[in-house]
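# Just the structure for this:
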Amino acid sequence: MDDLPLASGCADAALLVEVVEHLEAPERALAELYRVLKPGGRLLVTTPNYGFPSLWPALEWLADRSGRTAKMAGEQHVRKFRPETLAAWLRAGGFAVARLGTFYQLSPWLALAFPRWADAWVAREIAGGGRAGSLIYGLAVRPAAGS
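Numbering: from 1, shown residues only. Below is the predicted model of the structure:
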């Protein structure tokens, strides 16, 4: 991720949705986001969950062998995060972790059979903050000056 064409401290929020796993040097991207966020600015990051008991590693393995998708393991997904490694990465970049959890444990599968339940189910997964979801979310805050 190159330098963003934004002034330092100009943004209230930033999103990295399914990005960090594709970056060889995600630390550079995090430093750039820290630069452009205002003190108190928020960063939301999502990435596949390679931690146990997530089903993501098995799903990725199956997808890679199906030949129906571009290969993910080692080609698209060059960095693998677990909840604790995502939190450590955010903290190492100077952010405070406000919230960390996983989602998409059962909700995608239930949505196939019971689409009306999908929104409520994923909301329960996010509220629960468990470790088994296929995706991790981290909400981080750039500390205010002097914090």
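
# how near is Leu139 to Pro26?
To Pro26, Leu139 is 17 Å away according to C-beta to C-beta, to the nearest Å. The C-beta positions use only the backbone N, C-alpha and C, and glycine is treated the same way.

# between those two, which one's more packed in?
Each of Leu139 and Pro26 has its neighbours counted (other C-beta atoms under 10 Å); Pro26 has more, 22 against 16.

# That one and Leu106: what is the separation?
Separation of Pro26 from Leu106 (C-beta to C-beta): 28 Å.

# repeat for Leu135
13 Å.

# Looking at these two now, which is surrounded by more residues?
Comparing Leu135 with Leu106 by other C-beta under 10 Å, the one with more neighbours is Leu135, at 19 against 15.

# give me phi/psi at the closest residue to the more buried one other than its chain neighbours?
Among residues not flanking Leu135 along the chain, Tyr104 sits closest, at 5.0 Å (C-beta to C-beta, 6 or more residues apart in numbering). Dihedral angles of Tyr104 (phi, psi; degrees, to the nearest 10) stand at phi 60, psi 50.

# right, and Tyr104 touches Ile136 too?
No - using C-beta atoms under 8 Å, Tyr104 is not in contact with Ile136; the gap is 9.9 Å.

# neighbour-wise, which of those two wins?
Neighbours per residue, other C-beta under 10 Å: of Tyr104 and Ile136, the larger number sits with Ile136, 29 against 25.

# so that one bridges to which residues?
Ile136 has the following beta-bridge partners by DSSP bridges: Thr47, Thr102.

# Go ahead and flag the most central residue of this protein.
Nearest to the mean C-alpha position of the chain, by C-alpha atoms, centre = their mean, lies Thr46 at 1.7 Å.

# mind listing what it touches?
Residues in contact with Thr46, defined by C-beta atoms under 8 Å, 6 or more residues apart in numbering, are 16-18, 135-138.

# Please enumerate residues in contact with stretch 134-141?
Contacts of stretch 134-141 (C-beta under 8 Å, 6+ apart): 18, 40-49, 51, 54-56, 59, 81-83, 86-87, 90, 93, 95-105, 108, 126.

# can you rerun that using 7 Å?
Applying C-beta atoms under 7 Å, 6 or more residues apart in numbering, the contact partners of stretch 134-141 are 40, 42-49, 54-56, 59, 81, 83, 86-87, 90, 95-105.
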